[in-house]
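> here is a sequence with its predicted model. Questions after.
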Amino acid sequence: MKKSVAFLLSLILVITSLLGCGGSNDSSVTETSQAEASQAEASQAESEESAQTQADDETVTKLYEWPLAEDGTELTIFTKLLTSIEDFDTNKTTLWYEEQTGVHINWIQAPEAEFTTQLNLNITGGEWPDIYAANLSTTELMSMRNGGVIIPLNDLIDTYAYYAHQILEEHPEYRDYLTAPDGNMYSLWYNDTGKHMYYTRKMFVKQSWLDQLGIEAPTTTQEFEDMRIAFRDNDMNGNGDTTDEVPFMSSFKAWGGSPFCYFICPFQMTSGDGIYADEDGTWHLAAAEDGYKEALTWMNHLFEEGLIAEETFTQDKNQFKAIINASSEEEAIVGCFTAAYQGEVINNASYTQQADYVPVEPLEGPSGQKIAPSSGYGDFKARCAITSVCENPKIAIQWLDFWLSQDGRLYQEYGVEEGVDYKIVDKPSIYGSPTSYERLFELSQSTLQNIVWYNHTVPRHDWEEIRYGNALEDGSQETLLYEAALLYEDYYVPTGLKALFWIEDEVEAEEYDTLKTDIDDYIETQSTAFTTGERSLDEFDMFVQELKDIGMDRYLELASKFYGNSGVDYDGTIAG
């Protein structure tokens with residue numbers, strides 16, 4: 001291994017002395033490079049020890065220094081241009097980072113609406129950049145690998161990427177997620193480890209209605225049912241009409257809006273994907289289990305009692321938002337709803353505020369089950385790949401690596417200039433530090449800005465000190481997200497699902513995707529029919545057989561093969 005690393009370092013030094021990072025195909029340059037490579041190989045034994053020492057020094061005891069290059073080195077980067085970003089060429093972060101690193105970036109900016117099309121055209125066209133700076137699916141990475149578009153990053157990370165190397169040492173599960181079946185990593189990553197991401201199918205209830213009834217938020221299925229009966233039978237909004245209150249309403253089109261996971265968990269283990277692995281590693285489809293029938297029986301009872309609004313199963317998110325965002329207390333009619341967080345459907349632009357609705361912990365079912373199924377990783381995606389035409393991959397990986405540091409995360413969230421883009425204020429942060437960060441410019445998907453690249457370009461490691469570095473303030477969205485998550489932490493149980501899974505066989509990949517789509521769609525339509533009474537629960541066994549006829553057994557066989565061992569050291573709690 002030492003010999004191969006030393007040779008690689010020697011070869012890189014020789015090639016980069018002749019070439020910039022631009023992908024020249026000049027034959028004379030190629031011949032010169034081959035001759036120099038032979039010379040490097042001949043002197044390999046002499047340089048082995050010094051090269052290995054240099055590599056160890058960079059990764060273990062010494063962080064690489066800026067500038068990364070002093071000779072006008074350029075990188076070409078393909079990325080997504082969000083509608084909220086003005087221009088990467090003139091972006092403040094771009095100009096600052098070029099000054100720091102000495103590396104000029106030639107951006108290929110694909111508009112957000114056309115990104116997938118332009119990405120595919122770029123890949124098939126053969127004029128590849130040095131870096132694809134975007135989220136990439138494992139299917140895309142495998143295809144790009146097979147086409148010779150991208151290179152493995154294992155050695156680059158462990159030799160030159162100071163921050164990535166350290167983080168992967170601390171989080172071996174990340175390496176597990178990112179490793180393809182051939183043993184190589186082809187990308188860095190993006191993660192969102194905000195505590196709210198570990199379980200996104202939460203229940204929220206209107207606090208003022210609880211106060212009127214003199215009760216606490218429910219903790220069991222029976223208390224939950226009793227609460228909604230009280231909502232239904234009383235004039236909770238004080239408008240004189242005892243019939244307009246809606247005990248529960250949501251929308252399947254809202255993030256976390258489907259009621260099934262929250263309502264089913266007191267009776268049956270499940271997951272956001274509807275499949276899970278038990279302690280023995282056997283994979284199950286929750287909808288085919290006896291507990292699922294018990295949950296649907298309860299939901300059908302609630303529906304028949306008018307405790308679940310029929311619109312939940314038909315309306316889109318905007319229709320639901322028009323109902324829940326009331327202009328006065330007298331017009332507030334929704335008692336509780338499911339969503340990932342309050343702000344998914346409440347915009348704070350009307351009388352209704354996000355803080356009006358408080359989270360309800362997982363419910364305890366008749367058997368005593370009280371769970372919040374969690375994958376254990378929040379949101380994790382493969383992001384940023386280096387191509388085979390990049391002639392200075394060391395600079396490329398180090399250029400990307402900085403953004404995985406705490407400073408890198410800070411600058412992407414708050415800007416690069418303290419006192420202008422952000423300031424540090426004497427207010428306790430959500431994280432618990434005595435001071436917090438305050439952004440001095442508006443950052444949202446609907447506001448045009450040219451200060452940061454935001455969250456869709458470079459790698460990201462979600463340091464909790466930065467993630468929760470803003471002020472702890474009652475009613476703020478980040479505070480609400482954090483507080484709601486804390487209510488669920490004690491009830492996390494592992495699903496066995498990995499953040500990323502890899503499928504080497506393209507035929508099996510297509511088969512799995514087709515089965516998943518067909519089975520998920522059928523479960524949703526039939527679960528809705530069972531809940532609303534359109535289909536009798538006496539036909540549940542028939543429903544399970546129908547799932548088998550669609551291909552349930554094969555689906556679970558493939559899930560077991562692709563997910564395998566999750567590789568996560570998961571003890572039922574989530575570390576910050």
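That came through, no problem. Computed from a prediction, not measured in an experiment: that's the story for all the values here.

> what about stretch 156-171, average pLDDT?
Stretch 156-171 comes out with an average pLDDT of 94.

> buried stuff in that stretch?
Under the neighbour-count criterion of 16 or more other Cβ atoms under 10 Å, stretch 156-171 has 156-168, 171 buried. (Each C-beta comes from the backbone N, C-alpha and C, glycine too.)

> same thing with stretch 501-517?
Within stretch 501-517, the residues scored as buried using 16+ other Cβ under 10 Å are F501, W502, I503, A509, E511, Y512, L515, K516.

> name the helix or strand for the fourth one, please.
Spelled out, it's A509. Per DSSP states H and E: A509 is located in helix 506-532.

> helices or strands up against that helix?
Packing contacts for helix 506-532, counted by 3 or more Cβ pairs under 8 Å, 6 or more residues apart in numbering; DSSP states H and E, involve helix 290-304, helix 540-550, helix 552-563.

> other residues contacting the first one?
I take that to be helix 290-304. When contacts are defined by Cβ atoms under 8 Å, 6 or more residues apart in numbering, helix 290-304 is touched by residues 221, 225, 228, 248, 259, 263-264, 266-270, 286, 308, 310, 527, 530-533, 537, 540.

> and these, which are buried?
Burial by neighbour count, judged by 16+ other Cβ under 10 Å, picks out 221, 225, 228, 248, 259, 263-264, 266-270, 286, 308, 527, 530-532, 540 from the contacts of helix 290-304.

> which residue packs closest to the most centrally placed residue in the chain, ignoring adjacent ones?
Geometric centre of the chain, nearest residue: D379, 2.4 Å, by Cα atoms, centre = their mean. Spatially, and ignoring its direct neighbours in sequence, D379 is nearest to D192 (4.0 Å; Cβ to Cβ, 6 or more residues apart in numbering).

> report the contact partners of the closest residue to G475 other than its chain neighbours.
Excluding the flanking residues, the one nearest G475 by Cβ to Cβ, 6+ apart is A355, at 4.0 Å. Contact analysis of A355 by Cβ under 8 Å, 6+ apart lists Q342, D474, G475, L480.

> which intervals of the chain have sub-threshold pLDDT?
Where the chain drops to pLDDT under 70, the residues are 1-62, 565-576.

> at 80 instead, please
Along the chain, segments meeting pLDDT under 80 span 1-63, 71, 377, 564-576.

> domain assignment for it?
Here the domain parsing of the chain from automatic domain parsing is 1-62, 66-194+382-414+443-461, 198-375+496-563.

> any idea how far apart the tips of the second one sit?
Between the start and the finish of domain 66-194+382-414+443-461 there is a gap of 21 Å, counting by Cα to Cα, to the nearest Å.

> check which helix or strand covers T117.
helix 115-125.

> state the next helix or strand along the chain beyond that helix.
On the C-terminal side of helix 115-125, the closest following helix or strand by DSSP H and E is strand 131-135.

> what pairs with that following strand, parallel or antiparallel?
Strand pairing for strand 131-135, using DSSP bridges, gives strand 74-81 (parallel), strand 379-386 (antiparallel).

> how about these in TSV, adding distance to M185?
Formatted as TSV, the strands paired with strand 131-135 follow (distance: least, Cβ to Cβ, whole Å):
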stretch	distance to M185
strand 74-81	19
strand 379-386	9
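
> what's the closest of the ones you listed to D182?
Of all the strands paired with strand 131-135, it is strand 379-386 that lies closest to D182, at 14.8 Å by Cβ to Cβ.

> run through the neighbouring helices and strands of the helix or strand just after that closest one.
Per DSSP H and E, the first helix or strand lying C-terminal to strand 379-386 is helix 393-401. Counting contacts by 3+ Cβ pairs under 8 Å, 6+ apart, helix 393-401 packs against helix 2-16, strand 74-81, strand 131-135, helix 154-160, helix 162-170, strand 379-386.
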